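[1] Sharing a sequence plus its predicted fold:
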Amino acid sequence: MRLLTHNLLSSHVRGVGPRGFPLRLQATEVRINPVEFNPDFIARMIPKVEWAALLEAADTLHLIEVPKEPIQGYERNEEFLRKMHHVLLEVEVLEGTLQCPESGRLFPISRGIPNMLLSDEETET
Amino acid sequence: MDHAAAQLEKQHVHDVYESTAPYFSDLQSKAWPRVRQFLQEQKPGSLIADIGCGTGKYLRVNSQVYTMGCDYCAPLVEIARSRGCEVMVCDNLNLPFRDQRFDAIISIGVIHHFSTKQRRIRAIKEMARILVPGGQLMIYVWAMEQKNRHFEKQDVLVPWNKALCPQPLSEAGQPGRGRGPPQHPPCSACRCSDCFEGRRGSKRSHSVDCDTVLAGACCASTAEEGEGENGFYSTLGKSFRSWFSSRSLDESTLRKQVEKVRPLKNTGSWANGTISIQPSRHSSFDLGHPETSSTGEQNADEEVFVEPSQGPLEWLRAPTTRKQLNGDHPGVMRRNGGGNFLGGTNAKENCVDEDNVEEGTAPGSKLWRRVSAADSTDSNPGDAIPVEEQQPDALDSRAFMRYYHVFREGELCGLLKESVSELHILSSGNDHGNWCVIAEKRESCD
């Protein structure tokens, strides 16, 4: 699970609503996968990122310091874009958990795959 | 009803995909050109979701976008991941995403696995929810109207013959495919730990007896090549291509089956492996309109159509088939490692539809009711299996029955117009036996 993915995920435990984001990340195994740098792609992704959630996740993983917000003129700032490229796409959580901040429910990540399935009881009306 | 629906889907969608996941391969999953085109037309930097991605054949079509694959079936998701895709296991009915995240979404061969209209609507609404205003959703569902196959009813169980998937992935050598060695999915990820190595001799209920498979015949690829690339089907000829077995469901039948399956202690028809014959004039259980038998055969009530074992089949020989069905069913309803193995009379019960190959997206994740079905696997190898081979052990069913609600022309559009007002239909049509729609999320939705 890459951090860009984490940035999109939310707990859908019944009743939680928007308070289910962001999921608290905990990782026991992380891998760095080199990914070809595409500055245009990253520049377009930046506006879609929920920055606070990204900062929190990056911090949990002890990643290089991520700026508190996109810097001015980031579209043309290669150093910034490369940093974001690394954080969003090259860091992969292989084993860990995602925790709903509201309900505490844990979702496992194994072999890089988050399992977001809820039990029947959790989805019942 | 919702619980019964979920039970049916568990048995005839999720469990089947989970058990058959090891047999999916790159060869089987053909990417529909129109879907590829839809993905390639998305703006660079878009966020895309493939809800019901199966083995992930659409996840790498466009390198300029970020595509997430979601599926209910974990084994299929594992396969997708082994190909380097970003995937997760989840449920189409409860998508774990915030509102308005995705610029585009595809749902290829998924919605037809939901067994009630309400669940189908819910699945579509969930996808609409996570779509940005102005974002587009593409939906493909299996059409009831088919060229080479006749569906008596809209709610059907379609067998899948494992024998049709001949080689382990490592042996794939389909001519003309030229995609290089297919990836070996992580066997540890699925329950069939010996699925590739030990398959041929395995006695496990879900293993495939590959010896019965036509050499070089891969059902998936042949079915997918229905547009003319493949010679296999043409070689076999039309007479071999009509093995078909379908069991239509209506609500009362559904309830009965579900009830029988759950305890699994009485000798309900499921437990015995026979497909219970429920004469019925009921309409498709959730459509609410009376269905008519369009073929005019005398057994309008007969729900099970099984090809007789001799000669090319004429469908809808209900009385004959019923006898054969009961007689030949070895009663192999077994649950083994989560797979349901429903006894079938013989390989001839496989559905053949060279034109209608669904995406091979098996929803492993709950997300997608096994989103894409590799309908290529439904192709009928039956004709390849000689009648003489109908020994009791050879009859050991290789048919996993998958549930489908096949859509009538206009039904999908009607569903959107009537129940998903947040989506505006941009275009619709038929593609390879599938009804397809591209819809856009309306701006300024509350």
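    Thanks, I have the structure now. Residues are numbered from 1 along each chain as shown, chains lettered A, B, ... in the order given.
[2] Longest helix of the chain, counting residues only.
    Using chain A. Of all segments of type helix in chain A, defined using DSSP state H, the longest is helix A:51-60.
[3] To clarify, I was referring to chain B.
    Max-length helix for chain B by DSSP H is helix B:117-129.
[4] Identify the residues contacting residue 81.
    The chain I'm using is chain A. Shown here is A:L81, whose contacts under the criterion CB atoms under 8 Å, 6 or more residues apart in numbering or on different chains are A:37, A:39, A:42-43, A:74-75. All C-beta spots, glycine's among them, are computed from the backbone N, C-alpha and C.
[5] you looked at the wrong chain, it should be chain B
    Taking CB under 8 Å, 6+ apart, we find B:R81 in contact with A:111-113, B:56, B:87.
[6] Quick check: the farthest pair among these?
    Among the contacts of B:R81, the pair separated by the greatest distance (CB to CB) is A:R111 and B:G56, at 14.4 Å.
[7] More neighbours: these two, which one.
    Between A:R111 and B:G56, counted using other CB atoms under 10 Å in any protein chain shown, B:G56 has the larger neighbour count: 27 against 15.
[8] Checking my notes, that one in a strand, right?
    No: inclusion of B:G56 in a strand is not indicated when DSSP: H, G, I helix; E, B strand; the rest coil is applied; the result is coil.
[9] Pull the contacting residues for it.
    With contact taken as CB under 8 Å, 6+ apart, B:G56 is in contact with B:50, B:69, B:79-81, B:83, B:85, B:87, B:361.
[10] Just the ones of those residues in helices?
    Those of these lying in helices (DSSP H): B:79-81.
[11] out of these, who's nearest chain A?
    For these, the residue nearest chain A by CB to the nearest CB is B:R81; the value is 5.7 Å.
[12] excluding its backbone neighbours, what's nearest that closest one?
    Ranked by CB to CB, 6 or more residues apart in numbering or on different chains and with sequence neighbours excluded, the top spatial neighbour of B:R81 is B:V87, at 5.1 Å.
[13] Bridged to that neighbour, which residues?
    B:V87 has the following beta-bridge partners by DSSP bridges: B:G69.
[14] and the stretch 1-150 of chain B, which residues reach chain A?
    For the stretch 1-150 of chain B, the residues in contact with chain A (CB under 8 Å from any CB of the partner chain) are B:6, B:43-47, B:63-64, B:66, B:68, B:72, B:74, B:77-78, B:81, B:86-91, B:93-98, B:101.
[15] Specify the local secondary structure of the residue of chain A at minimum distance from chain B.
    Of the residues in chain A, the one nearest chain B is A:R44, at a distance of 2.4 Å by CB to the nearest CB. Under three-state DSSP, A:R44 falls in the helix class.
[16] quick one: the residue nearest to it when sequence neighbours are not counted from A:L8, how far?
    Leaving aside its chain neighbours, A:R44 sits nearest to B:G45 (2.4 Å; criterion: CB to CB, 6+ apart). According to CB to CB, to the nearest Å, B:G45 stands 14 Å off from A:L8.
[17] With neighbour numbers in mind, choose between those two.
    When B:G45 and A:L8 are compared on other CB under 10 Å, the one with more neighbours turns out to be A:L8, at 23 against 19.
[18] quick one, what contacts that one?
    Applying CB under 8 Å, 6+ apart to A:L8 gives the contacts B:47, B:68, B:97-98, B:101.
[19] Repeat that for B:M88.
    The contact partners of B:M88, taken as CB under 8 Å, 6+ apart, are A:1, A:5, A:9, A:113-116, B:68-70, B:77, B:96, B:365, B:367.
[20] out of the residues you listed, who's nearest A:V16?
    B:P96 (10.8 Å).
[21] Could you report the separation of that closest one from B:I108?
    Shown here: B:P96 relative to B:I108, a distance of 20 Å by CB to CB.
[22] do B:V35 as well
    Using CB to CB, one gets 6 Å for the distance from B:V35 to B:I108.
[23] in chain A, which spans are helices?
    Taking DSSP H as the criterion, chain A carries its helices at A:3-8, A:39-45, A:51-60, A:78-85, A:120-123.
[24] A:R76: how many residues sit nearby?
    Per other CB under 10 Å, the neighbour tally for A:R76 reads 9.
[25] remind me which residues of chain A are low pLDDT?
    Low-confidence segments of chain A, defined by pLDDT under 70, are located at A:124-125.
[26] how does it look with 90?
    Judged by pLDDT under 90, chain A has its weakly predicted residues at A:14-18, A:63-69, A:119-125.
[27] what residues does it put near chain B?
    Taking CB under 8 Å from any CB as the criterion, chain A approaches chain B at residues A:1-2, A:4-5, A:8-12, A:18, A:21, A:38, A:40-41, A:43-45, A:48, A:107, A:111-118, A:120, A:123.
[28] mind running it again at 6 Å?
    Within chain A, the positions adjacent to chain B are A:2, A:5, A:8-10, A:12, A:21, A:41, A:44-45, A:112-117, A:123 by CB under 6 Å from any CB of the partner chain.
[29] Show me the shaky parts of chain B.
    When residues are selected by pLDDT under 90, those of chain B lie in B:1-4, B:7, B:10-32, B:148-150, B:158-401, B:444-446.
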